[in-house]
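Asker: model the structure of this input:
(chains A and B)
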Amino acid sequence: MIIVMEENATEEQIVRVVDSLIKLGFDIHRSTGARYTLLGAVGSRITDPRELELLEGVNKVVRVSAPYKLAARAFKPEGTKIEIGDVTIGGEQVVVMAGPGVVESREQMETIAGRLAKRGVRVLRGGAFRTSDDPYGFQGLGEEGLKLLREVADRHRMLTHSTIFDAAQLPLFARYVDIVQVSERDMRNYALLKEIARLGKPVMLRRGASSTIEETLMAADYVMRCGDHQVIVCERGIRTFETYTRHTLDLSAIPVIKKLSSLPIIVDPSRAMGRRDKVPPMARAAVAAGADGLLIEVHHDPDHALSDGAQSLTLEQFDKLIDQLRLIASAVERSL
Amino acid sequence: MSGESTGEKTIEDWRIRIDEIDLELVKLFNERTQCAIEIGHIKKRLGLEIYSPAREAQVVANVTAANTGPLDAEAIRRLFERVIDEARRIERIEASKEEGSGE
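Answerer: Have a look, this model is predicted:
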């Protein structure tokens, strides 16, 4: 951190700031300039710069290092690879995770998973505790849904991916789910993050619609600090002034997070766009931009889906998309 | 080339002299640091703060007053601020060692 003192800061004020910084555990590099005195604060402590800015005589505080540590690229320059069975997330291969928004029935899961598995999809997604924005909508099958997800996934040698909403669901996720997804609403539910970290499973953290990249990586640090370093970041669209699509898919987050963080980044174009005709172009763009994977909603009969049918691709659309994605992946030296 | 010089010093000659001075500085810096470490121990024993702004100001005043150039007073001040920063740091490290926490 660099503290720039006011031009007319008195020696007493400077001494008080130095004293505060030392008490916070920093070593100080003081440089008295012709006009401004600069104080370099060196140390691994994370401090709210605003508290220092409130001290008398301080002009501004410039943070040099990011407020997150474990998620930072510097912590693991070679990148974080998450290995689940024979699937590696964050490696050379772009991992496609697909499936319906919510698990509805065995027939539905079988139909979809069978087709996805044939196209090389190794991760089957499916919600079981849907906290829909619509309080009267389908709320999910609960444990029965997770069980179905697991059974069908096992039959097709796939991994399971589902969203947790409550710490009370932890024992079920421990039993049935390989990749535990944290919803955008819970990204800052630190009590829940702490509990989820105790599962020791890969955690997919969805970036909140109004969360900055920095806030997202800080949430990742929260999970990692609790001992679980297998964190995947998911970009699923942010809130902007544009209302045509549900959210604006922030593709720029891909190269930014790749640079700032060692963590894999997955893109969910379904949720961001909210309508299936807009999903394939954004999925293609995400792979081209360097995403480590995609999370795509697919349904064999989207018009009759119990939830979010409008954003689910048909099986035929998904087939075509996969072919296109393979071409794009090879163009950016990845496989899919 | 130094071989054909007629007594005028070359860049190489000046650099050799700088290297000699640097070694002398390293020795002096460490002697000075040893003094700071001793002070750190005494401060710890007496329960005094590591940071002594009045003393730091006095050190800067001493060295700038003694300065005859060609470095100007501001340059001397900046150089000694770094020396003081490092002394303060090592006093802090020594003091925390004595606390027995091992960190």
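
Asker: tell me the centre residue of the chain?
Answerer: I went with chain A, as the question did not name one. With distances taken as Cα atoms, centre = their mean, chain A has A:Val233 as the residue nearest its mean C-alpha position (2.2 Å).

Asker: switch to chain B, please.
Answerer: Within chain B, the residue whose C-alpha comes closest to the C-alpha centroid is B:Val83; the distance, by Cα atoms, centre = their mean, is 3.9 Å.

Asker: looking at the chain, which helix is longest?
Answerer: Unless you meant another one, I'm taking chain A. Of all the segments assigned as helix in chain A under DSSP state H, the longest by residue count is helix A:315-331.

Asker: chain B is the one I meant
Answerer: If you go by DSSP H, chain B has its longest helix at helix B:11-46.

Asker: which elements pack onto it?
Answerer: With contacts defined as 3 or more Cβ pairs under 8 Å, 6 or more residues apart in numbering or on different chains; DSSP states H and E, the packing partners of helix B:11-46 are helix B:73-98. (C-beta placed from N, C-alpha, C; glycine too.)

Asker: leaving out the residues flanking it, which one is nearest to A:Cys52?
Answerer: Actually, residue A:52 is Leu. It isn't Cys. Nearest non-adjacent residue to A:Leu52, counting by Cβ to Cβ, 6 or more residues apart in numbering or on different chains: A:Val61, 4.8 Å away.

Asker: in what helix or strand does A:Asp154 lie?
Answerer: When secondary structure is defined using DSSP states H and E, the element that contains A:Asp154 is helix A:143-155.

Asker: actually, A:Pro281.
Answerer: Element membership for A:Pro281, per DSSP H and E: helix A:279-288.

Asker: spit out the contact partners of A:Phe241.
Answerer: Not one residue lies near A:Phe241 by Cβ atoms under 8 Å, 6 or more residues apart in numbering or on different chains.

Asker: assign it to helix, strand or coil.
Answerer: coil (DSSP: H, G, I helix; E, B strand; the rest coil).

Asker: next one: it, what pLDDT does it get?
Answerer: Here, the pLDDT recorded for A:Phe241 equals 95.

Asker: for it, grab phi and psi.
Answerer: When read as degrees, to the nearest 10, the backbone of A:Phe241 gives phi -80, psi -10.

Asker: what's the closest non-adjacent residue to the residue in the stretch 101-250 of chain A that chain B sits nearest to?
Answerer: Nearest residue of the stretch 101-250 of chain A to chain B, counting by Cβ to the nearest Cβ: A:Arg225, 18.3 Å away. Here the nearest residue to A:Arg225 in space, its sequence neighbours aside, is A:Leu70; by Cβ to Cβ, 6+ apart that works out to 6.3 Å.

Asker: check which helices and strands the helix or strand just after the helix holding A:Asp154 sits against.
Answerer: Taking DSSP H and E as the definition, the helix or strand that follows helix A:143-155 towards the C-terminus is strand A:159-164. Other elements packing on strand A:159-164 under the criterion 3+ Cβ pairs under 8 Å, 6+ apart are strand A:123-125, helix A:143-155, helix A:170-176, strand A:179-182.

Asker: if we go to 10 Å?
Answerer: Other helices and strands packing on strand A:159-164, by 3 or more Cβ pairs under 10 Å, 6 or more residues apart in numbering or on different chains; DSSP states H and E, are strand A:95-99, strand A:123-125, helix A:143-155, helix A:170-176, strand A:179-182, helix A:190-197, strand A:203-206.

Asker: give the buried residues for the second one.
Answerer: Within strand A:123-125, the residues that qualify as buried are A:123-125, counting by 16 or more other Cβ atoms under 10 Å in any protein chain shown.

Asker: tell me, please, the helix or strand in chain A that averages the lowest pLDDT.
Answerer: Evaluated with mean pLDDT, DSSP states H and E, the helix-and-strand set of chain A has its lowest mean pLDDT in helix A:49-53, which scores a mean of 85.

Asker: after that one, which helix or strand is next?
Answerer: Following helix A:49-53 in sequence order, the next helix or strand is strand A:58-62 (DSSP H and E).

Asker: for B:Glu91, give me its contacts.
Answerer: B:33, B:36-41, B:43-44, B:50-52 (Cβ atoms under 10 Å, 6 or more residues apart in numbering or on different chains).

Asker: go with 6 Å
Answerer: Residues in contact with B:Glu91 (Cβ atoms under 6 Å, 6 or more residues apart in numbering or on different chains) are B:36, B:40, B:50.

Asker: that one and A:His247: what is the separation?
Answerer: Counting by Cβ to Cβ, to the nearest Å, the gap between B:Glu91 and A:His247 amounts to 54 Å.

Asker: wait, doesn't A:Leu39 sit right on A:Ile3?
Answerer: Yes - A:Leu39 is in contact with A:Ile3 according to Cβ atoms under 6 Å; the separation is 4.2 Å.

Asker: those two: which is more packed in?
Answerer: Each of A:Leu39 and A:Ile3 had its neighbours counted (other Cβ atoms under 10 Å in any protein chain shown), and the higher figure belongs to A:Ile3 (27 against 23).

Asker: that one belongs to a strand, doesn't it?
Answerer: Yes - when the secondary structure is assigned by three-state DSSP, A:Ile3 falls within a strand.

Asker: so, low pLDDT: which residues of chain A?
Answerer: Judged against pLDDT under 70, the low-scoring parts of chain A cover residues A:44-45, A:131-133.

Asker: again, 80 this time
Answerer: Where chain A drops to pLDDT under 80, the residues are A:34, A:43-48, A:64-65, A:130-137.

Asker: for it, what lies in contact range of chain B?
Answerer: Applying Cβ under 6 Å from any Cβ of the partner chain, we find that chain A lies next to chain B at A:15, A:19, A:22, A:27-30, A:32.

Asker: now those: which count as buried?
Answerer: The neighbour count (16+ other Cβ under 10 Å) marks A:15, A:22, A:27-30, A:32 as buried among the residues of chain A next to chain B.

Asker: excluding its backbone neighbours, what's nearest residue 67?
Answerer: Using chain A. Here the residue nearest A:Pro67, using Cβ to Cβ, 6+ apart, is A:Ile46, at 5.5 Å.

Asker: can you look at chain B instead?
Answerer: Ranked by Cβ to Cβ, 6+ apart and with sequence neighbours excluded, the top spatial neighbour of B:Asn67 is B:Ile76, at 4.8 Å.
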